[in-house]
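Visitor: how would this look folded up:
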Amino acid sequence: MEEDEKLRWFRATFYDAATPDRNIVIEFKAPFPVDVKKDYKNIAIKQFINHLNVGYVKVRDIEPVEV
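Guide: Numbering: from 1, shown residues only. Sure, this is the predicted structure:
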């Protein structure tokens with residue numbers, strides 16, 4: 001991060017491509033103002049993985065799918 005950059009909260013929505021009405025929203029900090037040279041999608045994905053790893057995002061239910 002460059003000295004003149006500041007971090008700001010952003011929101012990313014992840015969704016299941018097969019059923020787009022099912023989604024997970026996370027909030028994460030990223031450089032601001034927005035820099036088109038930075039890959040904010042990749043920053044969001046890394047933060048989502050981090051949220052999973054540290055337990056911020058948890059599995060509530062696991063159940064078989066009716067076929």
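Visitor: where do the helices sit along the chain?
Guide: Counting by DSSP state H, the chain has helices at residues 40-54.
Visitor: which intervals of this structure have sub-threshold pLDDT?
Guide: Residue ranges of the chain with pLDDT under 70: 1-4.
Visitor: switch the cut-off to 80
Guide: 1-5 (pLDDT under 80).
Visitor: Tell me which residues touch Phe28, please.
Guide: Trp9, Phe10, Ala12, Ile43, Ala44, Gln47, Phe48 (CB atoms under 8 Å, 6 or more residues apart in numbering). No exception for glycine: its C-beta is placed from N, CA and C like everyone else's.
Visitor: again, only this time at 7 Å
Guide: By CB atoms under 7 Å, 6 or more residues apart in numbering, the residues touching Phe28 are Phe10, Ala12, Ile43, Ala44, Gln47.
Visitor: okay but the third one is in contact with Lys29, surely?
Guide: Just to be clear, that refers to Ile43. No. Counting by CB atoms under 7 Å, Ile43 does not reach Lys29; the two are 9.0 Å apart.
Visitor: the more surrounded of those two?
Guide: Shown here are Ile43 and Lys29; by other CB atoms under 10 Å, Ile43 has more neighbours (16 against 12).
Visitor: Ignoring the adjacent residues along the chain, who's closest to that one?
Guide: Ala30 (5.0 Å; CB to CB, 6 or more residues apart in numbering).
Visitor: In this structure that neighbour contacts Phe10, no?
Guide: Yes. Using CB under 7 Å, Ala30 is in contact with Phe10, at 5.0 Å.
Visitor: who touches both of the two?
Guide: Tyr40.
Visitor: From Pro64, how far out is Lys29?
Guide: Shown here: Lys29 relative to Pro64, a distance of 38 Å by CB to CB, to the nearest Å.
Visitor: same question, Val57
Guide: When distance is defined by CB to CB, Val57 is 22 Å away from Pro64.
Visitor: What of Gln47?
Guide: 31 Å.
Visitor: Give me the more crowded residue out of these two.
Guide: For the pair Gln47 and Pro64, the greater number of neighbours falls to Gln47 (18 against 5), based on other CB under 10 Å.
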